[in-house]
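Chemist: let me see the structure of the following:
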Amino acid sequence: MDIVRNSDGTLVVPLEQTRRHQTDDDADTSADSSEGEETQTNAAPTTRLLHPGEGGYDEALAEWDLQQNPDRAPVVSTATGRQEAMALVHAVATSPDHAVAPAVEALDDPEASGEALRHVLVGGVHSVEDFAAEVAEAEGGDPLPAHQTTKIIGEVLTELD
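Modeler: Coordinates of the predicted model:
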């Protein structure tokens, strides 16, 4: 099952099912049940909904992005791509309507910006926090919370694909 990204930025992530080995207690319990009684099973959920800012969200978003184009070469960030990505994230964050499409259309090199943002995601939470601080330093204002930065990055990558 693939990771699914919802329009609100949440991710539906498949969970690995853990094997449960029968113990002696399980055997005793099954022997006590009478014939004809239905046994109730507690099936574990197969997916989990992750919101921006939750543990594992950044990694799941990077994995989702890789699923969109599995043949993509390894992520490489260039200085100009990173600068343009910082300006893009700042523009979306400060836009009154949080408009992603016009900000992406204004890019000189969308591919380099996308690669820079993917590079940030691959680095995990600390990379996102550092990137947010770098955006604030370069563009002005306070650093965005990591979950908000990650959500914007996900929206931008969706628009670029």
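Chemist: just want the most central residue of the protein.
Modeler: The residue lying closest to the centre of the chain (C-alpha atoms, centre = their mean) is Leu61, at 2.1 Å.
Chemist: was I right about it contacting Val156?
Modeler: No. Using C-beta atoms under 8 Å as the test, Leu61 is too far from Val156 to be in contact (11.3 Å). Every residue, glycine included, has its C-beta placed from N, CA and C.
Chemist: how about the strands in this protein?
Modeler: 4-5, 11-14, 47-50 (DSSP state E).
Chemist: how about those strands, which one is nearest Asp97?
Modeler: Of all the strands of the chain, it is strand 4-5 that lies closest to Asp97, at 20.7 Å by C-beta to C-beta.
Chemist: if we can go back for a sec, can you lay out the strands of the chain as TSV showing mean pLDDT?
Modeler: Shown next, in TSV, are the strands of the chain (pLDDT from 0 to 100):
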stretch	mean pLDDT
strand 4-5	88
strand 11-14	90
strand 47-50	89
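Chemist: now for the residue lying closest to Ala136 once chain neighbours are set aside, how many residues are close by?
Modeler: Once flanking residues are discounted, Ala136 sits nearest to Pro143: 4.1 Å by C-beta to C-beta, 6 or more residues apart in numbering. Neighbourhood size, Pro143 [other C-beta atoms under 10 Å]: 16.
Chemist: could you do Glu54 as well?
Modeler: 15.
Chemist: that one and Ala101: what is the separation?
Modeler: According to C-beta to C-beta, to the nearest Å, Glu54 stands 26 Å off from Ala101.
Chemist: kindly report the same for Val4.
Modeler: Distance from Val4 to Ala101, by C-beta to C-beta: 21 Å.
Chemist: cool, Pro110 as well?
Modeler: For Pro110, the distance to Ala101 equals 12 Å [C-beta to C-beta].
Chemist: and for Thr150?
Modeler: From Thr150 over to Ala101 the distance is 19 Å, taken as C-beta to C-beta.
Chemist: out of the two, which sits in the busier spot?
Modeler: Thr150 (27 against 11).
Chemist: show me what contacts that one?
Modeler: If you count contacts by C-beta atoms under 8 Å, 6 or more residues apart in numbering, Thr150 has them with 52-53, 57-58, 61, 121, 128.
Chemist: biggest separation within these, which pair?
Modeler: Gly53 and Leu121 (13.9 Å).
Chemist: pick out whichever of those two has more residues nearby.
Modeler: More crowded of Gly53 and Leu121, by other C-beta under 10 Å: Leu121, with 27 against 17.
Chemist: mind listing what the more buried one touches?
Modeler: Contacts of Leu121 by C-beta under 8 Å, 6+ apart are 58, 61-62, 65, 127-128, 150, 153.
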